[in-house]
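Q: Pasted the sequence and its predicted model underneath.
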Amino acid sequence: MNQTFIKTYCLLGIVFFCFINAYSQTEFQVIESKIIQHLKTDVDANHLNQMITTHLSTQQTNGSWSDIDYTSEIETGWQPLAHLNRIKSFALGLSTLGNQFYANQELLQRTISGLKYWYVQNPKSSNWFQNEIASPMAIGEILILLNDKKVHLPKSLQDSLLQRMNQGDIKNAIGANKLDIATHMIYRACVNKDQNLMSIAVEEAFKPIEFTAAEGLQFDNSYLQHKSQLQIASYGQVFLTGEYKVASWLKGTVYALSADKLKILNNYLINTFLKTIRGRYIDFNTEGRGVARNDVLDKKVITEAAGNHTLLALAKLVSPENSEIIKAAEERIKQTQAPSFNITPSHTQYWKGDYTLHTRPSYSFNVRTVSKRTVRTELGNKENLLGKFLPDGSTNIQRNGAEYFNIMPIWEWDKIPGITNRDYLKDQLTTIEWGERGVSSFVGGVSDGVYGADVYDLDYDMVTAKKAWFYFDKQVVCLGTDINSYAVENIVTTVNQTWLKGKVFAYADKKLSRVKSKKSMIKPNWIWHDSIGYYFPNSAQLEIRTQIQKGSWQKVNANRSENEVKGRVFKMWFNHGVDPVNANYAYIVMPGLGKDELKNHPQNEIKILANNSNIQAVKNEDLKMIQIVFHQAGTLTDQNISITVDQPCIVLLKNINTKKIIIHLADPTQKLENVNLTLH
């Protein structure tokens, strides 16, 4: 071979290798600088320096702190993690140019001493999350911050910590957990400049952004985790924040998130997650066991702070084309705009998640149920001790958004809004950890995207009932029938249990009276509280209370404070008595109704056509609409319309009394191959 050709070929190879190496080095530098910027965002220099000074003064010569129990194995609030967080504050001071501790050699030695102590002690929690996600994540952030010429760790210590970080089964992990493990893999890849590890980490990090029949993002755009349990917030929020965070780090590099996956991610944020937030507060049904954590319903944490650190700031950074929609959500959450700001009417039935989201500018009315396909709200890590009945048709009715904020310690948990169950003397502890699969098949709804109807075939805790909801613009009609139980307690259906706000008025026998403490009624017409009217078309034993209730966060979450919490609560329920046989109820919720409108507000537009074991149906004259739950094959007739089906199903008829009737039909069991419908 020609020597000149060989030399030229080798030279080109060397140049190409150098180009690839330099390119990958540049990629790592870009990613690492974005991660460091993210870690330093919103850090207050004065507060950081105070923390460093305090922790330095209390750190022992072996690198530990006497106030931390390194033998603790507790599931939540695990003390040893505080050790790494203190070391992280050291790393932030050491690596921040202009900080008084920048490149301080004494602080560096204290940092090294602290990391060595952690490595030797190797503390373990009984909660796998602390060992496989929280600890490796904290170590990775420290190593990224100290991966600098000015301040760096001894290579042997760095290598040992990198090896210790190699935790978690990335291939078998799912949803938000997979993303978390992939994130600390990205940290390792950056420190080691490991292209292969980075490629694997990025692929796994973005893998949860896909529709799945397993845990994670569902085909109906809901989010399920821990088997088939609704987790739109909680794990769903962690998923969103983590994916946007990683996507922001990788934007503009060869590892950037694909356009197809970005579209899926944005759709879940905008059309599911943000719609569950009313004003500043999210629906309590979306938080899983996290509902038992104080302040969890307040979503101010996702709005833009000083930097690009929050969920919505990251979403705008990754998808600037959605900035206007996201800014409107920020305005509502920050309360610089009303909860109605830029809200358009929508109705979404999440057929995978057994959840319905009904949104109007003036209110949100959402319902949580459970079927054989899904799992009841979980008890886990000693959280959500009393949430046994949460998925039994609980209704989240919001106007301003704060109606249920932090009410959980004083809730009477057998009277969760919307549910039908036994009226216990004491709140019942949940006995099955990590969720319990539902038992009913006939659970679901029909929707055209703006209106819809739901059904829940209740069979739990010795109570059976057929519950249905019919959603319109100004009203939501709530029906129940076939209520049966052999339990010794009274069986009740709770209309609402929320913070008392202002006065409560009752209208009956053409008389308006104020409910000052408690009231029992046999023939109520209307009840009004906090701009919401409750209309009762039939006679019923109705109980109303506006009294002080007491409890503690420890009552619902063993990891929280035992200090007493109390407040005045508006609570209203039907009393069906002991041993009810085929009992029923009917009420219409009308949000946005003023007290003065109460007496003179007609209900002519709403007609309950049926509420029995065969059919539950409602007609809205103004909307020219009929919504029907057929519990079995049968016929519904109303004036000149007759609808017959040969299978149980839910039907929505629009444009009735015209020549352009539109039919929407759904099978709640999700098993039927066909349904024959005849319309005359």
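A: Yep, it's here. Numbers count the residues shown, from 1 in each chain.
Q: From residue 131, how far out is the closest residue to residue 270 other than its chain neighbours?
A: Spatial nearest neighbour of residue 270, chain neighbours left out: residue 325 (5.8 Å); criterion: C-beta to C-beta, 6 or more residues apart in numbering. Every residue, glycine included, has its C-beta placed from N, CA and C. Look at residue 325 and residue 131: by C-beta to C-beta, to the nearest Å, they are 39 Å apart.
Q: And residue 594, by the same measure?
A: 56 Å.
Q: same thing with residue 641?
A: 63 Å.
Q: and what of residue 490?
A: Here the criterion is C-beta to C-beta. By it, residue 490 lies 47 Å from residue 131.
Q: Could you check which helix or strand contains residue 93?
A: Take DSSP states H and E as the rule and residue 93 turns out to sit in helix 80-95.
Q: got any ranges where the stretch 1-150 of the chain has weak pLDDT?
A: 1-25 (pLDDT under 70).
Q: at 90 instead, please
A: 1-27, 29, 41-44, 74-77, 97, 147-150 (pLDDT under 90).
Q: right, and residue 413 touches residue 426 too?
A: No. If you go by C-beta atoms under 8 Å, residue 413 and residue 426 don't touch, sitting 9.6 Å apart.
Q: picking that back up, have a look at residue 594 and residue 131 and say which one is more surrounded.
A: residue 131 (17 against 10; other C-beta atoms under 10 Å).
Q: got the CA coordinates for stretch 487-498 in PDB?
A: Extracted C-alpha coordinates of stretch 487-498, given in PDB (Å, rounded to 0.1, in the frame of the first residue of the first chain):
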ATOM      1  CA  ALA A 487     -74.600  -3.700  58.800                       C
ATOM      2  CA  VAL A 488     -75.600  -2.600  62.300                       C
ATOM      3  CA  GLU A 489     -74.700   1.100  61.600                       C
ATOM      4  CA  ASN A 490     -76.900   3.600  59.800                       C
ATOM      5  CA  ILE A 491     -76.100   3.900  56.100                       C
ATOM      6  CA  VAL A 492     -75.400   7.400  54.900                       C
ATOM      7  CA  THR A 493     -74.700   9.200  51.700                       C
ATOM      8  CA  THR A 494     -72.600  12.400  52.200                       C
ATOM      9  CA  VAL A 495     -73.400  15.400  50.000                       C
ATOM     10  CA  ASN A 496     -70.400  17.400  51.100                       C
ATOM     11  CA  GLN A 497     -68.000  17.900  54.000                       C
ATOM     12  CA  THR A 498     -65.900  21.000  53.600                       C
END
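Q: buried residues in it?
A: 487, 489, 490, 491, 492, 493, 494, 495, 496, 497, 498 (16 or more other C-beta atoms under 10 Å).
Q: Endpoints of stretch 123-135, how far apart?
A: 10 Å (C-alpha to C-alpha, to the nearest Å).
Q: buried sites along it?
A: 123, 124, 125, 127, 129, 130, 131, 132, 133, 134, 135.
Q: Phi first, then psi, for residue 347.
A: Here is the backbone geometry of residue 347 (degrees, to the nearest 10): phi -140, psi 120.
Q: swap that for residue 260, please
A: Per degrees, to the nearest 10, the backbone of residue 260 is at phi -60, psi -50.
Q: Tell me how this protein divides into domains.
A: Using automatic domain parsing, the domain parsing of the chain gives 3-222+238-263, 346-679.
Q: which element is the residue nearest the centre of the chain on?
A: The structure's the chain has its C-alpha centroid closest to residue 233; by C-alpha atoms, centre = their mean the separation is 1.6 Å. Assignment of secondary structure by DSSP H and E places residue 233 within no helix or strand.
Q: Setting aside sequence neighbours, what's the nearest residue to it?
A: residue 286 (4.1 Å).
Q: Next: residue 437.
A: Excluding its sequence neighbours, the residue lying closest to residue 437 (C-beta to C-beta, 6+ apart) is residue 375, at 5.5 Å.
Q: which residues sit in contact with the one you found?
A: By C-beta atoms under 8 Å, 6 or more residues apart in numbering, residue 375 lies in contact with 226, 227, 228, 229, 435, 436, 437, 438.
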